[in-house]
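S.K.: just need the structure, nothing else, for what follows:
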Amino acid sequence: MRTSIVIDIITAFPHLFPGPLSESIPGRAIERGLAELRSIDLREFTSDRHRTIDDTPYGGGGGMVLKAEPVVGAIESLRAERGENDGRILLMSPRGRVFGHEMAVELSLADHLLVVCGHYKGFDERIAELTGAEEVSLGDFVLSGGELAAMALIDAVLRLLPGALGNFDSAEGDSFFEGTLEGPIYTRPRSFRGRSVPEVLLSGDHPAISRWRLKEALRATRARRPDLLARRELTPEEEELLQLIRREENAADEFGQEPQS
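M.R.: From the prediction side, this is the model:
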């Protein structure tokens, strides 16, 4: 049975790691031995005196391209070190599969992740062809380098490891965990600037609280991310609650009021 995950980060800027990953939940996960994080200098796998990791693209055009030799060399070296051929290899790239909670869960179950931080115009296509690497994106935008994207991905993975959140926290109520956004949450004080905590949360009626939380999660998801509901197989209770939400919103529109929660 796996006791920890090893995450190797291949980067031209190894000094950036662990950076924020040494703090809070990811830092505790590493301290508890749930994960081992290693940053590998891509330039160590170059063969010229200038330690060149990029070159101009064939066919012309602007920008520079990460060369196949150092990246493939680094991946193969790390695989040989571990005696494996099947570690998940991730190339942080804006053209990749968009990272989300489902993929974070997938990756949290792996024994070994190899995360390659992109730079410049992108990766030589032969890197993915020769290594079976998967391109991964955080979304439809471009960063100056893949290090920040890698940190976000790793943070999302580490917090899902059993024991990472400790005894008092849980990932189960997070947005996306059940395929919906998280509903509103409250803490003390009970009233703040004329706005009070919903009475149901103070009632001690746990079935009623659970139903309210589900309803408000559905309401938030319907308003902000309807695409999540479109691909979700709804339970009878969820169908019922969505109908109730629609009736409340229609009534609020008719009378010019805010919908009741």
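
S.K.: gap between the nearest residue to Ser137 once chain neighbours are set aside and Ala74?
M.R.: Take Ser137 and drop its neighbours on the chain: the residue closest to it by Cβ to Cβ, 6 or more residues apart in numbering is Gly96, 4.2 Å away. Bear in mind the C-beta positions are built from the backbone N, C-alpha and C, glycine included. For Gly96, the distance to Ala74 equals 19 Å [Cβ to Cβ, to the nearest Å].

S.K.: more neighbours: the two, which one.
M.R.: Remark: of Gly96 and Ala74, Ala74 carries more neighbours, 24 against 18, as counted by other Cβ atoms under 10 Å.

S.K.: nearest residue to the more buried one in space, ignoring adjacent ones along the chain?
M.R.: Phe45 (4.5 Å).

S.K.: quick one: contacts for the one you found?
M.R.: Counting by Cβ atoms under 8 Å, 6 or more residues apart in numbering, Phe45 makes contact with Glu69, Pro70, Val71, Gly73, Ala74, Ser77.

S.K.: could I get these as JSON lines with pLDDT?
M.R.: Below are the contacts of Phe45 laid out as JSON lines (pLDDT from 0 to 100):
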{"residue": "Glu69", "pLDDT": "98"}
{"residue": "Pro70", "pLDDT": "98"}
{"residue": "Val71", "pLDDT": "98"}
{"residue": "Gly73", "pLDDT": "98"}
{"residue": "Ala74", "pLDDT": "98"}
{"residue": "Ser77", "pLDDT": "96"}
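
S.K.: just the buried residues of those residues.
M.R.: Taking 16 or more other Cβ atoms under 10 Å as the criterion, what is buried in these is Glu69, Pro70, Val71, Gly73, Ala74.

S.K.: residues contacting the first one?
M.R.: The reference is to Glu69. Applying Cβ under 8 Å, 6+ apart, we find Glu69 in contact with Phe45, Thr46, Ser47.

S.K.: out of those, who's nearest Pro26?
M.R.: Phe45 (26.4 Å; Cβ to Cβ).

S.K.: for the stretch 151-261 of the chain, give me the ranges with low pLDDT.
M.R.: 167-177, 256-261 (pLDDT under 70).

S.K.: can you map out the helices along it?
M.R.: Under the criterion DSSP state H, counting those that start in this stretch, the stretch 151-261 of the chain contains helices at 206-224, 226-230, 236-255.

S.K.: list the contacts of the second one.
M.R.: This points to helix 226-230. Phe176, Gly179, Thr180, Leu181, Leu218, Thr221, Arg222, Leu242.
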